[in-house]
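Colleague: build me a model:
(one chain, ligands or ions: 1)
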Amino acid sequence: MSEQAKKPIKITETVLRDAHQSLIATRMPTEFMLPIVEKMDQVGYHSVECWGGATFDASLRFLKEDPWDRLRKLRDGFKHTKLQMLFRGQNILGYRPYADDVVENFVQKSIANGIDIIRIFDCFNDLRNLQAAVNATNKFKVQEGRGHAQVALSYTLGDAYTLEYWMDTAKKIEEMGADSICIKDMAGLLVPYKASEMIAAMKSATKLPIQLHTHYTSGVASMTYLKAVEAGVDVIDTAMSPFALGTSQPATEVMVETFKGTPYDTGFDQNLLAEIADYFRPYRDECLKNGLLNPKVMGVDIKTLLYQVPGGMLSNMVSQLKEQNAEDKYYEVLQEIPRVRKDLGEPPLVTPSSQIVGTQAVFNVLMGERYKMATKETKAVLRGEYGQTINPMNQEVINKVIPGEERITCRYADLLENEMDKLESEMKEWKQQDEDVLSYALFPQVAMDFFKYRQAQQEKVDMTQADTKNGAYPV
Ligand SMILES: [Mn+2]
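Modeller: Prediction:
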């Protein structure tokens, strides 16, 4: 290939977010991350994913850390590398739909505290649930001097998910003002040759850069990346080898070596990557020893391809059945999952739709009658509160579960009153920084427990040592 045809593949490093979320339940503490930041900053990554997803919840709940403080510390350390986060559309990082003022405020504070790229997704791929976050990112881009709105499409299989659908959606994403598109394959369902087709089709539909995010769960991920790169994908998500593979991403070093000497050569220094891997490896060993890292999640789980459900959803289902002493119903539930998914309009299976479909399938089987009992969430989906699905929902199921109830066809957040003031009034005695209101908005009980813990720690310390500007207190 000629010099002009060179197209170095860009890499987003996930070891500080999705990799440890997928392998060790998001338990990597900030203190462990900071010493390696300077080296990571020299690699030349397109971005480092380090925030959002479950990091926020896990920080407050289990690590007793202020997630905002983690972000500021990482921002301080990464002088050259863009920081990236995962954002669940109108649900932000929480589990309910928020009013637009909370979404806007969260986006502003994320960017102001150090985020460059916000990856925004919706479990139904209902773009209306992403517009407020995209608009907010574009609004603060100017004000904060950084900000990039990436819309992620939750990848799934099903008759309605044709190449035309993906191409059409890519065009709509471009029209809504996003800066790039991500194909988010949370279950590792995208196989190599399908990836070629999909990337080529989407590239013909949009000029926006396309990033591919997948998981190694089904064992095909690095081959999928290879075909996607050949088909023109711009960025891939990888994890440093000690926290790669299994339910995490393909290994950074492996993908870098794969493209060496080709037009896609990243130019990364393998020796530098090896030093970074050396830092993470003993921590991986420690996690194996203390049980945080279960060897079970490190193999190939072919069930995810067979049943087209994410690995995490299967393990949830197994524990639900175990609680009910009904493990013998496993295969019955597995067969019920696609039927429930169809009844609900065939959405992708990703948080929270994966839990909603999985739990309802368990209910349907255990009750011996379909929809004899429906969860609160199933009802909300049927009412249209989660948004529009690709296919219509099953009218018989609607009649049985929410008889006579009015269904919503507008964007659900249009029905919500602004709520920042109310949230602030509920927690103002604990507020030490504006960001605390957002922590409380997302996880009221967990944040409150954290605020109490923080105060107790502070009362034991010399307040003259407190770095109030950064909200960092010596404990
Ligand atoms: Mn992921």
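Colleague: separation between residue 82 and residue 147?
Modeller: Taking CB to CB, to the nearest Å as the measure, residue 82 and residue 147 are separated by 11 Å. Placement of C-beta: from N, CA and C, glycine included.
Colleague: now do the shared contacts for the two.
Modeller: Here residue 82 and residue 147 share the contacting residues residue 116, scored by CB atoms under 8 Å, 6 or more residues apart in numbering.
Colleague: these two: which is more packed in?
Modeller: The neighbour comparison of residue 82 against residue 147 (other CB atoms under 10 Å) goes to residue 147, with 23 against 17.
Colleague: surely that one and residue 135 touch.
Modeller: No. Look at residue 147 against residue 135 with CB atoms under 8 Å: they stay out of range, at 11.4 Å.
Colleague: ok, longest helix in the protein?
Modeller: Determined from DSSP state H, the single longest helix within the chain is helix 270-290.
Colleague: buried residues, the helix or strand following that helix. List them.
Modeller: On the C-terminal side of helix 270-290, the nearest following helix or strand under DSSP states H and E is helix 303-307. Of all the residues in helix 303-307, those buried under the rule 16 or more other CB atoms under 10 Å are 304-305, 307.
Colleague: so where's the stretch 101-250 of the chain shaky on pLDDT?
Modeller: Regions of the stretch 101-250 of the chain meeting the criterion pLDDT under 70 are absent.
Colleague: which residue ranges of it form strands?
Modeller: Counting by DSSP state E, counting those that start in this stretch, the stretch 101-250 of the chain has strands at residues 117-121, 148-154, 180-185, 210-214, 235-238.
Colleague: related to what we said a few turns ago, return the list of helices and strands in contact with the longest helix of the chain.
Modeller: Judged by 3 or more CB pairs under 8 Å, 6 or more residues apart in numbering; DSSP states H and E, helix 270-290 is in contact with helix 30-40, helix 252-258.
Colleague: count the neighbours of residue 226 for me.
Modeller: That count, for residue 226 with other CB under 10 Å as the rule, works out to 19.
Colleague: equivalent analysis for residue 399, please.
Modeller: Other residues within reach of residue 399, judged by other CB under 10 Å, total 13.
Colleague: try residue 389
Modeller: When neighbours are counted by other CB under 10 Å, residue 389 registers 21.
Colleague: residue 402 too?
Modeller: By other CB under 10 Å, 17 other residues sit near residue 402.
Colleague: which ones are touching it?
Modeller: Under the criterion of CB under 8 Å, 6+ apart, the contact partners of residue 402 comprise 379, 382-383.
Colleague: returning to what we had before: deepest in the core, which of the helices and strands packed on helix 270-290 is it.
Modeller: Greatest average neighbour count among these goes to helix 252-258 (a mean of 20), per mean count of other CB atoms under 10 Å.
Colleague: quick one: mean pLDDT over it.
Modeller: For helix 252-258, mean pLDDT rounds to 98.
Colleague: mind listing residues that contact it?
Modeller: Residues outside helix 252-258 that contact it (CB under 8 Å, 6+ apart): 9, 11, 13, 15, 222, 225-226, 236, 238-241, 244, 266, 268, 270, 273-274, 277.
Colleague: could you do stretch 434-445 as well?
Modeller: Counting by CB under 8 Å, 6+ apart, stretch 434-445 makes contact with 56-57, 60-61, 66-68, 92-94, 98, 102, 105-106, 109, 113, 419-420, 423-424, 426-427, 430-431, 447-448, 450-451, 471, all of which sit outside it.
Colleague: and for stretch 31-49?
Modeller: Residues external to stretch 31-49 that are found in contact with it (CB under 8 Å, 6+ apart): 10-14, 16-18, 50, 70, 73-74, 77-86, 116-117, 119, 235, 237, 266-269, 272-273, 275-276, 279-280, 283.
Colleague: who are the contact partners of residue 126?
Modeller: Contact analysis of residue 126 by CB under 8 Å, 6+ apart lists 386-389.
Colleague: buried among those? Make that a PyMOL selection.
Modeller: The PyMOL command for the buried members of these (criterion: 16+ other CB under 10 Å) is given here:
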select buried, resi 386+387+388+389
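Colleague: could you export the contacts of residue 126 as JSON lines, including distance to residue 126, secondary structure and pLDDT?
Modeller: Putting these into JSON lines (distance: CB to CB, whole Å; DSSP: H, G, I helix; E, B strand; the rest coil; pLDDT from 0 to 100) gives the following:
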{"residue": "386", "distance to residue 126": "8", "secondary structure": "coil", "pLDDT": "94"}
{"residue": "387", "distance to residue 126": "3", "secondary structure": "coil", "pLDDT": "95"}
{"residue": "388", "distance to residue 126": "5", "secondary structure": "coil", "pLDDT": "96"}
{"residue": "389", "distance to residue 126": "8", "secondary structure": "coil", "pLDDT": "97"}
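Colleague: now the contacts of residue 126 in a markdown table, with distance to residue 203?
Modeller: Output for the contacts of residue 126, formatted as a markdown table (distance: CB to CB, whole Å):
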| residue | distance to residue 203 |
| --- | --- |
| 386 | 30 |
| 387 | 27 |
| 388 | 26 |
| 389 | 27 |
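Colleague: out of the contacts of residue 126, which is nearest to residue 332?
Modeller: Nearest to residue 332 among the contacts of residue 126: residue 389, at 24.4 Å, using CB to CB.
Colleague: gap between that closest one and residue 231?
Modeller: Using CB to CB, residue 389 is found at 28 Å from residue 231.
Colleague: what residues are up against the residue lying closest to residue 316 once chain neighbours are set aside?
Modeller: Across the structure, with CB to CB, 6 or more residues apart in numbering as the measure, the residue nearest residue 316 apart from its sequence neighbours is residue 358 (5.9 Å). If a contact means CB under 8 Å, 6+ apart, then residue 358 has 309, 313, 316-317, 320, 337, 349 as its contacts.
Colleague: neighbour-wise, give me the winner out of the residues you listed.
Modeller: Using other CB under 10 Å as the neighbour definition, these reach their maximum at residue 349, which records 27 neighbours.
Colleague: which SS state does it fall under?
Modeller: Reduced to three states with DSSP: H, G, I helix; E, B strand; the rest coil, the structure at residue 349 is coil.
Colleague: confidence score at it?
Modeller: Per-residue confidence at residue 349 stands at 92 (pLDDT).
Colleague: same thing with residue 306?
Modeller: At residue 306, the model reports a pLDDT of 83.
Colleague: quick check: it vs residue 217, distance?
Modeller: With the distance defined as CB to CB, residue 306 ends up 12 Å from residue 217.
Colleague: same check, this time on residue 114
Modeller: Plainly put, residue 114 is 30 Å away from residue 217 if you go by CB to CB.
Colleague: quick one: which of those two has more around it?
Modeller: Legend: neighbour count by other CB under 10 Å for residue 114 and residue 217, higher for residue 217 (29 against 23).
Colleague: the nearest residue to the more buried one once chain neighbours are set aside: how many residues sit nearby?
Modeller: Excluding the flanking residues, the one nearest residue 217 by CB to CB, 6+ apart is residue 188, at 3.9 Å. Other residues lying near residue 188 total 24 when counted by other CB under 10 Å.
Colleague: now do the helices in the stretch 301-450 of the chain.
Modeller: Read by DSSP state H, counting those that start in this stretch, the stretch 301-450 of the chain holds these helices, from start to end of the chain: 303-307, 311-323, 330-343, 353-366, 376-383, 395-401, 420-427, 435-442, 444-459.
Colleague: looking at those helices, which is closest to residue 411?
Modeller: Of all the helices of the stretch 301-450 of the chain, it is helix 376-383 that lies closest to residue 411, at 13.6 Å by CB to CB.
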